[in-house]
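**Q** Here is my input, please return the structure:
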Amino acid sequence: MLAGPLMFKGATYLRQSSSFSLSCRSIKCRQRLVLKKNNKQIRCNQKQEVHVVEERCIEEVYDDLSDRLLLTVTGLQDPNSKYLVGLAGPPGAGKSTLSSEVVGRLNKLWIPKTLEPDSLVQPDDIATVLPMDGFHLYRSQLDAMENLEEAHARRGAPWTFNPDLLLKCLQTLRTKGSVHAPSFDHGVGDPVEDDIFISIRHKLVIVEGNYLFLEEGIWKEIASIFNEKWKKPDVPKWRSEYNDRPNVELIMQSKKNADLVIKSADFQS
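**A** The predicted model follows:
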């Protein structure tokens with residue numbers, strides 16, 4: 001029986017006795033993950049093995065990943081340091097949902113050691129998400145290209161993004177600890193400058209996007225910034241058979257650069 005909260009160095013990890021079944025499930029998930037680390041190793045060049053997270057349902061995947069990151073973040077020695085996770089995958093693979101679910105769980109579990117577990121004070125969020133969508137080229141920039149019809153038709157391909165701006169944003173986050181970043185207005189179809197603010201108090205940032213692990217040009221510099229790289233390969237069949245197919249194939253080639261591959265039995269069924 002689990003009595004009381006589980007304590008970590010920088011936070012109180014709350015698992016109430018009423019949620020005993022959830023606590024046991026989470027512990028088993030971690031045990032399964034360890035078994036997969038030991039028995040299911042995929043070697044890529046000189047990289048360490050790629051770990052595969054694949055549980056019975058997507059909720060267990062969210063729990064596994066949030067548990068993993070909570071342990072990592074609470075162990076950070078420098079209180080001003082940032083832990084950056086890159087989450088890549090094809091369009092429609094569920095990157096936005098996964099990142100928001102994991103970040104939401106982390107922020108609910110995190111209680112700074114300066115607060116009591118039953119305190120009514122709302123702690124600052126420890127984690128946030130930075131989508132790559134905000135680094136699309138503007139429509140006016142596509143209009144200025146030699147073949148503007150192809151540019152608009154292929155919007156979403158790597159060359160329709162601004163990786164230089166993304167790299168600069170991540171470098172600023174590393175050196176200064178905070179940054180303003182663009183979001184993307186799907187109604188207008190253009191980025192919105194400085195719409196996302198990542199502050200000093202955010203210890204963990206999940207950056208999610210299609211091409212974060214590519215090995216060409218500046219994308220390789222972007223990939224090198226992340227502390228950890230996750231791949232979400234699941235994609236609906238209809239997406240892979242539509243006009244996203246060339247992009248999906250390119251994205252899946254970068255799977256070998258991931259540290260962690262995330263699959264869901266729910267999604268696959």
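
**Q** where in the stretch 101-250 of the chain is pLDDT low?
**A** 112-123, 235-245 (pLDDT under 70).

**Q** Quick one: the helices in it, in order.
**A** 139-143, 148-153, 163-176, 218-225, 237-240, 245-253 (DSSP state H, counting those that start in this stretch).

**Q** Figure out which of those helices is closest to residue 73.
**A** helix 163-176 (15.4 Å; C-beta to C-beta). (Each C-beta comes from the backbone N, C-alpha and C, glycine too.)

**Q** so how far is residue 78 from residue 68?
**A** The gap separating residue 68 from residue 78 is 20 Å, by C-beta to C-beta, to the nearest Å.

**Q** Which one's more surrounded, those two?
**A** For residue 68 versus residue 78, neighbours defined as other C-beta atoms under 10 Å are more numerous around residue 68 (19 against 7).

**Q** quick check, the more buried one in a strand?
**A** No: with the criterion set as DSSP: H, G, I helix; E, B strand; the rest coil, the secondary structure at residue 68 is helix rather than a strand.

**Q** Could I get the pLDDT score of it?
**A** Among the per-residue scores, residue 68 shows a pLDDT of 90.

**Q** how close does it get to residue 178?
**A** Note on residue 68: its distance to residue 178, by C-beta to C-beta, is 25 Å.

**Q** One more: residue 229?
**A** Here residue 229 is placed at a distance of 23 Å from residue 178 (C-beta to C-beta).

**Q** of the two, who's got more company?
**A** residue 229 (23 against 13).

**Q** What are the contacting residues of stretch 172-187?
**A** 80, 82, 84, 130-131, 133-136, 165, 169, 190-200, 205, 225 (C-beta atoms under 8 Å, 6 or more residues apart in numbering).

**Q** Let's see that with 6 Å instead.
**A** Here stretch 172-187 makes contact (C-beta atoms under 6 Å, 6 or more residues apart in numbering) with 80, 130, 133-134, 169, 191-200.
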